[in-house]
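# fold the stuff below for me.
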Amino acid sequence: MVKSRSLMAAGAIATTAVLALVGCSSADGGADDAETTTLTVWVDAERVDALKDVAKAYEDKTDIKVDLVSKANAEIKDDFTQQAPTGKGPDIVMGAHDWLGELVTNGVVAPIELADKQDEFLEVAYEAATYEGQQYLLPYGVENIAVLRNTELVPEAKATFDEMLAAGTFVVESDGSGLANPYHLYPFQTAFGAPVFGSDENGYDTTDLQLGNEGGLAFAQWLGAQGAAGVIDTELTGDIAKERFLSGDAAFWLTGPWNVGVAVDAGIDVAVDPIPTPGTEAAQPFAGVKGFLLNEQSKNKVAANDFLVNYLGTVEVQNALFDSGQVLPALKESADYAASDEIVAGFREVGADAVPMPAAPAMGAVWEFWGIAEGAILNGEDPVATWQKLAADVEAAIAG
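Purely as a prediction, here's the structure:
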C-alpha cells in the first residue's frame, strides 16, 4: 500500500545547480557562426519559470539567447502545425508524444538522436519518444492513471477486480450521454489480452489490429456484465465520479495524478494502488508522455538539438520541471528524485505496466468508433456482435 501525504512542496532548484549545466554541452558554442543568435521555445505557462535558469545558462555558454514564449495548452499544437511550414514557428515546441503521427506525417518536426541516452530514460518514455524507429521527442514527463483508494474506508489494497468491488464502491468516468471513455477502460481491455495494435521493434504496427481478437471479445462480454450490474455507468461523468469519491460514497476512483490534489485538499487519506486485473494478464493503462520537439524548418537546428538533448535532457532541468508541475519525470534519476513523494511513487509503480498511447494517425479511426461501441455494450447491446462491428468499422476506416 502506498499511503498518502500532501504532495511534495515545490522545491526551487538553485540557480548554481542549473548553471552547472553549462559544462555539459556537446557543442562548443552550440551553433556555428552562420546561424541566428536566438532560439525560440514555446512552452506552457506552468513551465516557463522552471526553464528560465537553463535558458540563461545556455546563453552564458553560447551567446545564443533562448526566448521562452508562453503558449496556451489548447492552442499550442494547432499554432505550431500552421506556423512551422511557413518558417515563422518556434525552433522548439513543448508537446505530447501522441502528436507525433500527425506532426511527422505533416513534415513539421525533425528527428533527434537519443539512442545513446536510452538507458537514462524510463522505458515507456523512450518508447513514446520513438515513432517508426526514430526519436522525435525529448521526453520530460510521464502520466498514467491508477486507482485512488480512500484508506479510511478500505485500509488495504485489493489484488483483483472482484475483491475491490466486494470492499467498496468503484467509480470510473464515462463521457456521458451513453458514451464510454476508452482511455479509462483500456487497462481492463489489456487484462484480457486485447491491445489496440500489435507491435514490433519499431513500435506499434497499425496493420496488425488486435482490438477484435478473442481477448477483445472476452473483454466485451466482461464489459457488458459490468454495465448490467451498474458497476460502470455511461452517465457517470468525471465530475460525478469526483464528487462520489470526495463525499466518501466511493472508496475507489480510477483516475490520474491530476485529481490527487482535490482529494488531498478534501482531507482524504489516499493510497495509489495498481489497477486490479479482471482477466489473466496485467491491466496496462495508457501512458501519456510530455516533451520537446524540434521544428523541421528551424534555421538553428544545431543549437536547438544541443539545447534539447544536452540541456533539457538533464537531471537538473527535469527535477525543476517536476517541481513546477508534479509530473513524473522521464529521466530515471529524476524519477527517483520525484518518487520521494509517496503519491508520485505510487503512480510510477503503476506506470511500470503502462504502454504509450499509439501516436499513429490510424488511431483516429479507433477513437471514432471505440467509445460508441463500449457505451452500447454497457447499455445492453450484444457484446460480441457490437465488438465485432467495432473491429470491422475500425479496419475499414484505416483501410479507407
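
# strands along the stretch 151-300 of the chain, start to end?
170-172, 197-200, 203-209, 252-255, 270-273, 286-295 (DSSP state E, counting those that start in this stretch).

# of the ones you listed, which is nearest residue 341?
When these are ranked by distance to residue 341, counting by Cβ to Cβ, first place goes to strand 270-273 at 10.5 Å. To be clear about C-beta, it is placed using only N, CA and C from the backbone, and glycine gets the same treatment.

# from the contact counts, what lies against the closest one?
Packing contacts for strand 270-273, counted by 3 or more Cβ pairs under 8 Å, 6 or more residues apart in numbering; DSSP states H and E, involve strand 146-150, helix 260-265, helix 342-351.

# looking at those, which is buried most?
Among those, the stretch with the highest mean neighbour count (mean count of other Cβ atoms under 10 Å) is strand 146-150, at a mean of 27.

# centroid-nearest residue for the chain?
Against the mean C-alpha coordinate of the chain, by Cα atoms, centre = their mean, the closest residue is residue 288 at 1.2 Å.

# how much space between the nearest residue to residue 308 once chain neighbours are set aside and residue 209?
Leaving out its chain neighbours, the residue that sits closest to residue 308 by Cβ to Cβ, 6 or more residues apart in numbering is residue 138, at 4.6 Å. With distances defined as Cβ to Cβ, to the nearest Å, the gap from residue 138 to residue 209 amounts to 31 Å.

# between these two, which has more neighbouring residues?
residue 138 (25 against 21; other Cβ atoms under 10 Å).

# ok but that one is inside a strand, no?
Yes: secondary structure of residue 138, determined by DSSP: H, G, I helix; E, B strand; the rest coil: located in a strand.

# you'd agree it is up against residue 111?
No: with contact defined as Cβ atoms under 8 Å, residue 138 and residue 111 do not form a contacting pair (11.3 Å).

# any regions of the stretch 1-150 of the chain where pLDDT drops low?
Scanning the stretch 1-150 of the chain for pLDDT under 70 picks out the ranges 1-36.

# please enumerate the helices of it.
Under the criterion DSSP state H, counting those that start in this stretch, the stretch 1-150 of the chain carries helices at the ranges 15-19, 48-62, 73-83, 100-105, 123-128.

# for these, give me CSV that also has distance to residue 306 and mean neighbour count.
Compiled in CSV, the helices of the stretch 1-150 of the chain are given as follows (distance: least, Cβ to Cβ, whole Å; neighbours: other Cβ atoms under 10 Å):
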stretch, distance to residue 306, mean neighbour count
helix 15-19, 16, 15
helix 48-62, 8, 19
helix 73-83, 21, 15
helix 100-105, 21, 20
helix 123-128, 20, 23
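
# right, and those helices - which one's nearest residue 172?
When the helices of the stretch 1-150 of the chain are ranked by distance to residue 172, counting by Cβ to Cβ, first place goes to helix 123-128 at 21.6 Å.

# who are the packing partners of the closest one?
Secondary-structure packing of helix 123-128 (3+ Cβ pairs under 8 Å, 6+ apart): strand 137-144, strand 286-295, strand 355-356.

# redo that, cut-off 6 Å
Helix 123-128 is packed against strand 286-295, strand 355-356, with contacts defined by 3 or more Cβ pairs under 6 Å, 6 or more residues apart in numbering; DSSP states H and E.

# helices and strands around the shortest one, which ones?
So the one you mean is strand 355-356. Using 3+ Cβ pairs under 6 Å, 6+ apart as the contact definition, the elements that strand 355-356 packs against are helix 123-128.
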